[in-house]
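Enquirer: Let me see the structure of the following:
(chains A and B)
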Amino acid sequence: MTETSSLRIEGLSVGYSVKGQMQRILDNVSIEIGRGEAYGLVGESGCGKSTTAFAALRYLPRNGQVESGRILIDGHDVYALDTAQLQDLRRRSVAMVYQDPGRALNPSIRTGRQLAEVFELLGEQRADWQRRSVEMLERVRIRDPLSVMARFPHQLSGGMQQRVCIAMALASNPSLLILDEPTTGLDATVEAEVLDLIRQLRHDLKTSILFISHNLAVVAQMCDRVGVLYAGQLVEEGSTAELFRAPRHPYTAELLRCLPDRNRSKADAPLSTIPGFLPLPGSITQGCIFAERCRLADPLCRAVIPEAKWSGDGMSRCHHEDRIGELRATGTGLPSASREPGLGEPVLELHQVSKTFGQSAHHIRAVSEVDLTLREGETLGLVGESGSGKTTLAHAILGLTRPDPESTILLDGKTLGARLADRSLDQVKAMQIVFQNPDSALNRSHTVRRMIGRTISRLLNLSPEERTRRIEDLTRAVRLTPRHLSARPRQLSGGLKQRVAIARAFAGEPRVVICDEPTSALDVSVQAAILNLLVELQSSERVSYIFISHDLGVVRYISDRIAVLYLGRLLEVGPAKAVFEGPHHPYTEALLSSVPSIEDRPAHRVRLSGEIPSATGPMTGCIFHSRCPRKIGAICETQEPPRLQLGPDHVIDCHLPQDRLGRN
Amino acid sequence: MTATAAPEQDRTTQKSAPRSLASRLVRRPSFVIGAAITLFWIGCAIFGAALVPYDPFETDVMNTLMPPSAAHWFGTDDLGRDIFSRVIVGARDILTVAPLATLLSTALGTALGLAMGYFGGVFDEVMSRLVDAILALPTVVVALLALTALGASTTTVLFVIGFTYVPIIGRTVRAAVLSERGLDYVSAAELRRENPLYTMFVEILPNVMPAILVEATVRLGYAIFTVATLSFIGFGIQPPSPDWGLSIASSYGLIGGGYWWTVLFDGLAIATLVIGVNLVADSVQGALND
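Expert: Predicted coordinates:
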């Protein structure tokens, strides 16, 4: 029997039993992945991506149940196998790589032993385990396998951990590799490395890949074909190039429009959003599942379930496929951020701000001699990889950590105390923060009303009536309804929680709001709504933002100026447009080229080799010299780079002469 | 106006509130059994004296050491007292001392743990070492020492057990507080200048309550056992109370003579109560982890 597809899912429906009721999570999903093909499954959280993967491995949680449909891996019906056969299938034919490598590896067992376990399970001779482990690690381009094997997972960087996971997955030469958000927790430069690796491996090994991701750009780069999952249904499928160039389902089209990219800024137009929410499983019984949120929907869509329509290689479930073009033509109907040109007065000034952690012998300089100015009504984007000191700098500004003694932070020209306790009430309330993770930022025992109300009463001196009115105003400003006020965080979706966090940050009428990756935990359509909200609040409240993010598309969209941080030092500061277009610092160049994008396939990329060095001990010369792809020579290692003034407001610390700096 | 301002916001995916702890508990058979046993003994402690067939203190020299019979269900002891009545009324003292001691240690331990976890630094270091040192000593030995010094009485037993459990509860609460301390809502509280007491008791405490509840029920089981042990060796509840540990202490010499009923029923009483409380503790822990 010859089987042409390595994974075939036919009419799969999966339900979870919740409180005694079956809720349908996947509805009649059919996917076929040919040999050696890479198939991308995209969709927002809760759409059933991971359920598909677990169902394929027959690995659903205990309350999950396949209600109908078949899954064939290499022609074997997964649900018809007995236990021994199933184990054999999982051992040899399929492998899975999970989102968080730190949690996929056992923290208390050395990597070498964990790798050996795989070969033990495969029934190989004990004598071969070591040799085979080394081979596997070499295959995933780990340069020093033996030292990696001698280490515990926490002693490896995130990118390295994910390589080890991939090595383990590939050990059995599986015919199908399932990757569930393999780069989601990783930095852009590390993500680029891991994606390069997967691409190379695919080329070498001819493994079929099911690539699950919420990141459209990553999928666009990695996959031959793409399926778009919405509320448990496959709404569109097609070849990558076709689907992203000319989507045939409104949901795909809208998703693509939500993405901020490097060519858009808030001055051009607000981001488009998808109104409404993902329907609850099983709540839509007639008509198209997307109808309620679709701008093309008409009575037909609400009454009749659209059939899958095939044309060539692509499939779409939409009654009005021919009208998708209208979506692009209609603007969002929203005014773009009204911004008067010219710059306001400086609000916040940082002079030589440093922060050193650790005691006597072991110093880690998380932030080093940072000079920055933030003007009224301005957004300053702060970018850098994880560990570059972004959050530490934010905490030092807020007074949550005490900066080193020589640091000076000025608010409206007045020196701020190092700790919150040393600052006046006016100074404390002038600066607030929107944290990255709303689950951590909101107290799960308190209601929304209490969280916002308490902040108002601590920071503003208002009468009870004025306080109630302010709560209502804030609620409205962040697009929550009064109904949400009595809810606790666990009753709200991620986007709503972040709105509560934003309302709280604005409660005390701040002048400066630090946004620490406020959208990194959110889906793209929700992200777009939150970014629009921030832009809108900025123009109505005249606040200044320090916007921390590793997503350069987002930073480009929202920022007026951008500061690039590496190992706690500023390498480049300048207007957003200038930083993106260049000439820019070699590090900025590398960061920019590591961002996957939907439009261009990777042509020439600047790759950073090696890992971020640790900031212990003094480092001579340019801080970036150990990874710089454009290092000139010894001068980079010995002399601190000069500050080049490229424009009125654009500075770069680099030894390269101005005309040799990279451009986009 | 952003596009999201549309009325769709009104039909938020507001999730229903999760089932309450109580309703999750009653679905567990082990909780139902444990709670039934515990409530039975609590009922005996409160109403027992009014319901028993005999006065538990009344001696009857004509009927000493009678085996179980229709008149005396559990038999009589060496002074002719009705053992059934004594076992029922014997729940009173132990179920007064042990829960009060647990309450005391939970209150103090929570305050200690909150302070250690919240302030951290030198204070936490010093207190942690102190806690470790105290925990290295066996509870009964510490209690014996204290009771010898202070004189044995029901009140001293209450306070001694109460204080000896403070460190262990403090340590549990501290661990729970530490993981909360790192969350951003604590920073958010600092950024609106809350005082430490507010942050500890209003922001953090509700979120560590589950851990405290579990620890308190577990400690109650231990406290019952410790009270019984101390009474047995004569340092706990004092005669003439019909306390179980005390009764066993005065009768265990009789087992050799075949008078098993003088010890068995008191022993069963202690065992069932401890098992009942522990079943409840396990279920609470399990239900919270659901």
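Enquirer: isn't residue B:80 right up against residue B:61?
Expert: Yes - using C-beta atoms under 8 Å, residue B:80 is in contact with residue B:61, at 5.8 Å. C-betas here are computed from N, CA, C, even on glycine.
Enquirer: higher neighbour count, these two?
Expert: Using other C-beta atoms under 10 Å in any protein chain shown as the criterion, residue B:80 and residue B:61 rank with residue B:80 on top: 17 against 7.
Enquirer: Using the three-state scheme, assign that one.
Expert: coil (DSSP: H, G, I helix; E, B strand; the rest coil).
Enquirer: List the residues that contact residue A:30.
Expert: Residue A:30 makes contacts with A:9-12, A:69, A:234, as judged by C-beta atoms under 8 Å, 6 or more residues apart in numbering or on different chains.
Enquirer: try residue A:380
Expert: Counting by C-beta under 8 Å, 6+ apart, residue A:380 makes contact with A:372, A:374, A:544-547, A:559-563.
Enquirer: Tell me the bridge partners for it.
Expert: residue A:546, residue A:561 (DSSP bridges).
Enquirer: Quick one, grab the pLDDT at it.
Expert: You'll see residue A:380 listed with a pLDDT of 95.
Enquirer: how far away is it from chain B?
Expert: 20 Å (C-beta to the nearest C-beta, to the nearest Å).
Enquirer: which sections of the chain are below the confidence cut-off?
Expert: Using chain A. Applying pLDDT under 70 to chain A flags residues A:1-3, A:262, A:328-343, A:359-361, A:599-605, A:609-612, A:614-619, A:664.
Enquirer: nope, chain B
Expert: Residue ranges of chain B with pLDDT under 70: B:1-19.
Enquirer: which outside residues touch stretch A:631-651?
Expert: Here stretch A:631-651 makes contact (C-beta under 8 Å, 6+ apart) with A:561, A:572-575, A:578-579, A:583, A:620-622, A:625, A:628, A:652-656, A:658, A:661.
Enquirer: For chain B, what's the nearest residue on the stretch 301-450 of chain A?
Expert: Residue of the stretch 301-450 of chain A nearest chain B, by C-beta to the nearest C-beta: residue A:445 (3.6 Å).
Enquirer: hang on, that residue in a strand?
Expert: No - if the criterion is three-state DSSP, then residue A:445 is coil and not within a strand.
Enquirer: helix or strand for the nearest residue to it once chain neighbours are set aside, which one?
Expert: In space, and not counting its chain neighbours, residue A:445 is closest to residue B:206: 3.6 Å by C-beta to C-beta, 6 or more residues apart in numbering or on different chains. Assigned by DSSP states H and E, residue B:206 belongs to helix B:205-232.
Enquirer: buried residues in the helix or strand harbouring residue A:32?
Expert: Using DSSP H and E, residue A:32 sits within strand A:21-34. In terms of neighbour count (16 or more other C-beta atoms under 10 Å in any protein chain shown), strand A:21-34 has its buried residues at A:23-33.
Enquirer: repeat for stretch A:286-298
Expert: Buried residues in stretch A:286-298 (16+ other C-beta under 10 Å): A:287-294, A:296-297.
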